[in-house]
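In: Output the structure for:
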Amino acid sequence: MMVYYWYDQRGVRTASMYQAKLQLMLGKFLNGRTDSAIVRLTTAIGPDESAADAEARLAEGMQEVLGPLRRYVPGA
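Out: Prediction:
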């Protein structure tokens, strides 16, 4: 399995839970919003497939997710 994940808040993407909490607090203080998302994309790595093949599939999926994500997470 290969996994991409990140927290998305106020247009900031990070894999760090601590950075995500900081952005959440800043959003609350600066504009009264606590919108956030954790995004996780997962793909299996087949027995006759390389890690690079799986990573390419995840990168393509990520590009498809980023557009619609803007509708749900302000600043994304």
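
In: from here on, contacts and neighbour counts on C-alpha atoms
Out: Fine.

In: any weak-confidence spans in the protein?
Out: Counting by pLDDT under 70, the chain shows low-confidence ranges at 74-76.

In: Going by length in residues, pull out the top helix of it.
Out: For the chain, the longest helix by residue count, based on DSSP state H, is helix 51-72.

In: Can you tell me what sits against it?
Out: Applying CA atoms under 8 Å, 6 or more residues apart in numbering, the external contacts of helix 51-72 come out as 2-4, 41-45, 76.

In: Okay, residue 61 and residue 24: tell me how far apart.
Out: Using CA to CA, to the nearest Å, one gets 26 Å for the distance from residue 61 to residue 24.

In: And the two? Which one has more around it.
Out: Neighbour totals were compared for residue 61 and residue 24, and residue 24 leads with 19 against 15 (other CA atoms under 10 Å).

In: Remind me which helix or strand that one belongs to.
Out: helix 17-31 (DSSP states H and E).

In: What secondary structure category should be reported for the residue of the chain positioned farthest from its centre?
Out: Note on the chain: the largest C-alpha distance from the chain mean falls to residue 48, namely 27.9 Å (CA atoms, centre = their mean). Following DSSP: H, G, I helix; E, B strand; the rest coil, residue 48 is assigned to coil.

In: that older thread, would you mark the buried spots in the longest helix of the chain?
Out: By neighbour count on 16 or more other CA atoms under 10 Å, the buried set for helix 51-72 is 54-55, 58, 62.

In: do the same with stretch 8-20
Out: 8-10, 13-14, 20.

In: got the end-to-end distance for it?
Out: 8 Å.
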